Every structure is written in C-alpha cells, then in structure tokens.
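Asker: here is a sequence together with a model predicted from it:
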Amino acid sequence: MDYQRYIAEKIKEFVDMNLSDIERLIEIPPNADMGDYAFPCFKLSKAIKKAPNMIAADLKTKIKTNGFEKIETIGPYLNFFIDKYIFVKTVLNEILAEGDSYGSSKIGAGKNIVVQYSSPNIARPFHVGHLFATTIGNSLYKMLSFEGYNCVRINHLEDSGTQFGKLIAAYKMGWADESKLEKEPINELLRIYVKFHEEAEKHPEYEDAARKYFKLLENGEEEEIKLWTRFKDSSLKEFNKIYTRLKVEFDSYAGESFYSDKLDAVVNEIAEKSLLTESNGAKAVMLKEYNMAPCIIKKTDGATTYATRDLAAAVYRKKTYDFYKNIYVIGSTQVLHFKQIFTTLKLMGKDWAEDCIHVDFGPVKFTDKKLSTRKGDVIFLDDLLNEAVQKTLEVINDKSPDLENKETVAEKIGIGAVIFNYLKNNREDDIVFDLKEVLSFDGETGPYVQYTYARGKSVLRKAGNIPQNVDFTRLTEVEEFELVKQLAAFKEYILNSIEKYEPSIVTRYIIDLAKAFNKFYNLHSVLNADDIDLKNAIIRLVEGACQVIKNGLNLLGVDIVEKM
C-alpha cells in the first residue's frame, strides 16, 4: 500500500486541496513515538479560517482509522500510526514476490532517454576523473532502465580536435617508438603528446603544423585519417578492458568525429536564422543578452569547435532517438559550455532544448598521493583499481584465508568499494579518496554494505527451507518494524534519485538500510529463536532485506558477494 497516497486521499475527503499537494506535505516524523506519517495543518489555516491545531483535531474526528492503529494530534500535526501487521505483511510479501524487480514503478514505459557518459579522450590513459563520469552515468542508466525508460547509452568519445593534429605532427616527426606503440599504445601516444608540448615551447612553429594536420584530418585526407584510425582503434581496445572490468557497456561509441559530415548543415541552419556573427575572425552566436560569452561555431582558420559538434550531436539524437530527455554526464568545468549549447539550440527554434540536461560533478582529490605514478597528479584508473583489489586480497588472506575464489571476491569488493565511494556523496561535491577508508569494512563504505548482504545470506543458508506463508504478527519489536519501513521506502528513494539525477540518494539509502539491518541483527538471536513461528518470520525479514540491498547495489553498478 502507498500509505502517503492513502492518507492524502483520506484527508482530501474533507479538505478542498489538490491531492498531490496534500501528498507532498505529508512528513515522516523524526521520532517513531510521534507516528509513522504526519500531516501539518498550517497550510489549511488561511482557507478554513481556523487555528492549525483546531483543524488537526477536527480532521481526527472525521477520518476513519481503517488501515491505522490510531490517529492522534500533536499540536498542529495530524499523526498516523499505521497497522503494523498489515504493513509488514504487505511490504515483505511484495519484496519476496517481485524479487529483483522490487522497487520499480515502471513510470518510464514508452519514453526514450539518451545518457552520454564516460567520454574519455582517445590516445590518452583512462584516469580517475573519467571514472566519476562513468559511474554516475552507468548508475543513472540502471535506475532509469529499472523504472521502464528505454535508455540509449552513448560513449561520446573525444576523438576529434587539435590534439590529433599534435599527435599526427609528433608521429610524423618520428618521435614514436613503433614497438611500444604496438605493446602499450596509449602510454606511447601520451609520451609523444607530452613531448610535443615540451618541444612546441621551444619551436612555436610546431603548433602551426598541428593545426595544419588537424585541418587535413577534418578534410578527410587519406594519410591523416589512416593515422587517426590507428590511434582510435588502439585506444578503444585498451578502454574496453577497463569497461569489461567495471561491467559497463554502451549502445553507441559515436564520438565527435561521427558528426563531421553533419557540421555544415548545423552551421548553415544557424546562419540562415541570422544567428551567426563574425567575432575577431571567428564565427559565433552572440549570447551577451544571456550574460554569456559568444558560442564559437568556427575558429579563425575555419575549423569547427566542440560547440559545433555538440550542436550537431544534439540535433542528430533528437532526430534518431526522439528522446524524452537527453542527459550529459560531464564535469562542472563544462557548465558554461552547456549553457551556451542549450541556449543556442533554443535560439535555433529547438523547443526540445528544454529536455537537454547537463548532469555535472565536482573534481576528484586524493589524501594519499602514492598512487600518483608516471605523470604528476594524473592517477590512472588501472593503478587505482589494481591497488584497491590487491589491498582487499591482503585483508581476505589475513581474515578469511580459506575463503573460496578469493581473487574473484577481492575483485568485486575492491572495485565495488571504489565505485561506491564515488557515488555516496553529492555529485557536485569534491570526491576525496583515502583508499584505507574506502576499503574499510566499518563505516559508510561499499565493503560494509557488501558484508551486510553476505551476513544476511549466511543466515539464509543456515536456515534452510522456510515455509512460504509465515505469521508476520510475530514481528513486534521496534527494530523489526523500523527495518520494514526502510525496505518500504526503496521506491521513493529511486524516484527521488532520478528526479535529481543524483545517485547518492540511493547510495545513502543503502547505507542506512545496512545500518538498520545490522541493528536488528545484533539485537536478535536470529537463528536461535525458541518460537518456530517467530524464527520463520525473522528469516523472511532477513530475506527481504538481502533482496533490497542487492537491488540497490545493482542500481549503483556494484557487485554483491555471497560469502565473505
């Protein structure tokens, strides 16, 4: 039962107010002694011309208590105490019946959503910053799909731009080691890219050469295209190793280069609508009246820009996917860029620009720089994941040396811990990594939640077969009821997370659920209850909790571990 809706309907019978507005006002009291739901009557005072506490008292006498143990007033609040037996039975039976689907309301059926995420630079190593975009995007994709939306996952590869002119120039100057380019292509490409910048400081003419090669690449010259394709294919091969490890997949790898033959149409449309203005030799859409710098469409040498390609990509996606929402998971440094893009689309007459959403996120920082290998402050993702898995394996060898499949378990826990840490805080906040804390089995961490799940599964294995129909009236303790209330709230947290494009809402929910489960577990002798009916009811509660933890972790892209 959706109790908030049910309460809102009951109040609506006696109040002239929109049902959804009533539902939004309903609160969860801070203390269980004050009830399970509360309705503040302040908003009704002006219309009814009574004091809020008098309105609450009046409503109490009118609303029937069907489905509730009692209804009480506390000052201006109308407090509802739900029938605990009906509530527990309804929630647990629903979880056990729906299993992996529990929590889904299928509100997105028939709607297409494009989610762009990850988007690494071709010819550069996959670093920790890319993982933030990857984990947020993958989690949003999982939540949206879970709610019934038809999602298109796009890895908009950064495979165009002047960087490729620089790489081609560096390669043609003979700086690349062919054997290393075959064995470790990304590292070798990074080396010659860094060398180009070092040499260009002494030889500014190298920059002119880079611009020339990029223009030849844009014009489709065979030799430049051949080199670019080689660099791209080598990079994708390396990226896919990481994606396989993270269990992340995409429906499209259409990057910037994919839109090369679609740029002229966009530029012409902008010009036809008298939006294109010459600015210091470049061509731009002027956005001064929107308090923004010009959106550069073509550079002084006639080459296109990131903005041109993003405009072409948005137009293509609307035409191809007819999206309900078009989501870009990209760092906060690009906030102005996307404001310019969306505003330009509106000026072009694209009403659907309102459906384009920039989901931004903050930077990644580390308390310990020991992982900062190879190149200054750049921390490569492979290094981070390998270190997390290795340290987890050391803990397992120390604490559970006889555990089966230790390496597989360490991989799941180590990588899951990293992903969980990225997603547990508000995405706009800085992410601070302390690997010791990230891998801890105590506190608000991925390993803590995974251990909680494994603990519950251990109970279920020891319990054996339990009858399908159990007597839930035996669950009378406060901790039991509070745990069920947590389980019932899962759907609400998913929808809230989607509405705000904020995976941390579900992540924090899972942490709180794990805490509630462990509190319940530590206060009860789960497997040693003398009363068989009570024992069976408790086991079903454990089963329900494990199912919801599993569903929640799945929405984050974190693997479960059956044994630890």
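Answerer: That came through, no problem. Not measured: the values here are computed from a predicted model.

Asker: C-alpha from now on. contacts and neighbour counts both.
Answerer: Will do.

Asker: CA atoms only: put stretch 495-511 into PDB for me.
Answerer: Coordinates of the C-alpha atoms in stretch 495-511 are reproduced here as PDB (Å, rounded to 0.1, in the frame of the first residue of the first chain):
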ATOM      1  CA  LEU A 495      12.300   8.100  -7.900                       C
ATOM      2  CA  ASN A 496      13.900  11.000  -5.900                       C
ATOM      3  CA  SER A 497      17.400  10.000  -7.200                       C
ATOM      4  CA  ILE A 498      16.100  10.000 -10.800                       C
ATOM      5  CA  GLU A 499      14.300  13.300 -10.400                       C
ATOM      6  CA  LYS A 500      17.500  15.000  -9.100                       C
ATOM      7  CA  TYR A 501      19.900  13.000 -11.300                       C
ATOM      8  CA  GLU A 502      21.700  12.200  -8.000                       C
ATOM      9  CA  PRO A 503      22.800   8.500  -7.400                       C
ATOM     10  CA  SER A 504      24.000   9.400  -3.900                       C
ATOM     11  CA  ILE A 505      20.400   9.400  -2.800                       C
ATOM     12  CA  VAL A 506      20.100   5.700  -3.400                       C
ATOM     13  CA  THR A 507      23.600   5.100  -2.100                       C
ATOM     14  CA  ARG A 508      22.900   6.900   1.200                       C
ATOM     15  CA  TYR A 509      19.600   4.900   1.400                       C
ATOM     16  CA  ILE A 510      21.500   1.600   1.100                       C
ATOM     17  CA  ILE A 511      23.900   2.700   3.800                       C
END
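
Asker: could you chop this structure up by domain?
Answerer: Under the assignment automatic domain parsing, the domains of the chain span 3-82, 401-556.

Asker: please work out which of the ones you listed is packed deepest.
Answerer: Ranked by mean neighbour count, the domains of the chain are led by domain 401-556 with a mean of 19 (mean count of other C-alpha atoms under 10 Å).

Asker: right, and residue 534 touches residue 475 too?
Answerer: Yes: in this structure, residue 534 is within contact of residue 475 by C-alpha atoms under 8 Å, at 7.0 Å.

Asker: which residue ranges form the strands in the chain?
Answerer: Taking DSSP state E as the criterion, the chain contains strands spanning 37-40, 68-74, 77-82, 112-116, 150-154, 276-279, 282-285, 295-298, 325-329, 356-359, 364-366, 431-433.

Asker: quick one on the thing from earlier: distance to residue 161 added to the domains of the chain, as TSV?
Answerer: Shown next, in TSV, are those (distance: least, C-alpha to C-alpha, whole Å):
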stretch	distance to residue 161
domain 3-82	48
domain 401-556	28
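
Asker: now stretch 44-63: how far from the chain's centre is it?
Answerer: Chain-centre distance of stretch 44-63: 42 Å, with C-alpha atoms, centre = their mean, to the nearest Å.

Asker: which residues does that stretch contact?
Answerer: For stretch 44-63, the surrounding residues in contact (C-alpha atoms under 8 Å, 6 or more residues apart in numbering) are 10-11, 14, 40-42, 71-78.

Asker: what does stretch 72-90 give?
Answerer: Counting contacts by C-alpha under 8 Å, 6+ apart, the residues outside stretch 72-90 that touch it are 1, 34-42, 52-57, 59-60, 67-71, 472-473, 475, 481, 484.

Asker: again, but for stretch 18-34
Answerer: Taking C-alpha under 8 Å, 6+ apart as the rule, stretch 18-34 contacts 4-5, 7-9, 11-12, 35-40, 74, 79.

Asker: that older thread, just put the contacts of stretch 44-63 in CSV and tack on distance to residue 211.
Answerer: As requested, the contacts of stretch 44-63 are exported to CSV (distance: C-alpha to C-alpha, whole Å):
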residue, distance to residue 211
10, 69
11, 69
14, 72
40, 65
41, 67
42, 66
71, 74
72, 75
73, 74
74, 72
75, 73
76, 70
77, 69
78, 70
